[in-house]
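Engineer: Sharing a model prediction with you, sequence too.
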Amino acid sequence: MENTFLKKIAIFSDLDEDSLERIGSLINERKYQKGSLIFMEGEEAEAVYFIKKGKVKIFKTGQDGREHIINILPEGEVFAESCLFGLNKYPASAEAYEDIEVLLIKIKDFEKLLEEYPKISIGIIKAMGKRLQMVSKKIENLALRDAYGKTAMLLMDLILKKHSKLYDGLEIDTDLSRQEMASMVGLTRETFTRALAKLKESGAIEFERDRIKIISVDKLKDFIE
């Protein structure tokens, strides 16, 4: 395993070459085609994963059978890390959002790493804290806002993942489908599409296929506040 890639992973970035060699010796590598299931919610937890190439979709399935997307993770991210702290089963499902390469470390091996390298423990805790903050924000969005507010918040979150701040005229490309964006905020595709149309009609945004442009940050925020 090349240490240069391990260095790109936040929880390993402060470790020396010998430590990285030790971690590399525990790593297995797998490839999945787009749409392939990596693991299902409720399955026995076996490993912690790192994305070497591509994107991974993390989702839960409701009692009604609808898919609710929790996150779409890019290269360098870790997932299933919560299983290191007493969870015996995966709390959500993971699917290859595109053709991907992932690295994995068996949970028993990872637990030994945490004992050897406390810095990794700190990195894992920080990663989990970041995820909890994201989930808390998402729950607030779902509970307190109408369809327009949920849609506006999602667009802002997607943009802020690629840019440090919002400003009028800012454009981004997104590879998410309308259905995927809708499921990220608990809406049907039809309701989400109507909300997008309302935001466009108000002069807050412009959109065309995969491109979204902010016309007025203030008008977009009006739907959230």
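Structural biologist: Structure received.
Engineer: any idea of the mean pLDDT for the biggest helix by length in the chain?
Structural biologist: Longest helix in the chain, counting residues (DSSP state H): helix 118-144. Mean per-residue pLDDT for helix 118-144: 74.
Engineer: start at 718 instead
Structural biologist: Shifting the count to begin at 718 puts that one at helix 835-861.
Engineer: Helix or strand with the lowest mean pLDDT in this protein?
Structural biologist: Ranked by mean pLDDT, DSSP states H and E, the weakest helix or strand in the chain is helix 835-861, scoring a mean of 74.
Engineer: Leu904 against Thr868, yeah?
Structural biologist: Yes: at 7.4 Å, Leu904 counts as touching Thr868 under the criterion of Cβ atoms under 8 Å. From N, CA and C alone the C-beta is placed, and that goes for glycine too.
Engineer: who touches both of those two?
Structural biologist: Ala912 (Cβ atoms under 8 Å, 6 or more residues apart in numbering).
Engineer: Compare these two (neighbour count), which wins?
Structural biologist: Thr868 (29 against 20; other Cβ atoms under 10 Å).
Engineer: Make sure I have this right: the more buried one is in a strand.
Structural biologist: No: assigned with DSSP: H, G, I helix; E, B strand; the rest coil, Thr868 falls outside any strand and is helix.
Engineer: by contact count, what packs against the longest helix of the chain?
Structural biologist: strand 784-790, helix 824-833, helix 864-877 (3 or more Cβ pairs under 8 Å, 6 or more residues apart in numbering; DSSP states H and E).
Engineer: quick one, that helix and helix 824-833 angle?
Structural biologist: 120 degrees (axes from the mean of the first three to the mean of the last three Cα atoms, to 10 degrees).
Engineer: Adding distance to Asp890 as columns, could you present the helices and strands packed on helix 835-861 in JSON lines?
Structural biologist: JSON lines is the format used below for the helices and strands packed on helix 835-861 (distance: least, Cβ to Cβ, whole Å):
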{"stretch": "strand 784-790", "distance to Asp890": "14"}
{"stretch": "helix 824-833", "distance to Asp890": "35"}
{"stretch": "helix 864-877", "distance to Asp890": "10"}
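Engineer: where's the least confident helix or strand of the chain relative to the chain centroid, distance-wise?
Structural biologist: Between the centre of helix 835-861 and the centre of its chain there are 11 Å (Cα atoms, centre = their mean, to the nearest Å).
Engineer: That one versus helix 864-877: what angle between them?
Structural biologist: Angle between the axes of helix 835-861 and helix 864-877 is 150 degrees (criterion: the same axes, to 10 degrees).
Engineer: picking up where we left off before, which of the helices and strands packed on helix 835-861 sits most buried?
Structural biologist: helix 864-877 (a mean of 20; mean count of other Cβ atoms under 10 Å).
Engineer: Check what contacts it and list those residues.
Structural biologist: So helix 864-877 is contacted by 858-859, 862, 883, 887, 889, 891, 893, 898, 901-904, 908-909, 911-913, 915-916, 921-922, 929, 931, 937-938, 940-941 (Cβ under 8 Å, 6+ apart).
Engineer: Would you write a ChimeraX line that selects the buried entries of those residues?
Structural biologist: Here the buried members of the contacts of helix 864-877 are turned into a ChimeraX selection, burial being counted by 16 or more other Cβ atoms under 10 Å:
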select :858,862,889,891,893,898,901,902,903,904,908,909,912,913,915,916,921,922,929,931,937,940
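Engineer: Okay, and which of the contacts of helix 864-877 map to strands?
Structural biologist: Judged by DSSP state E, the subset of those located in strands is Ile889, Ile922, Ile929, Ile931.
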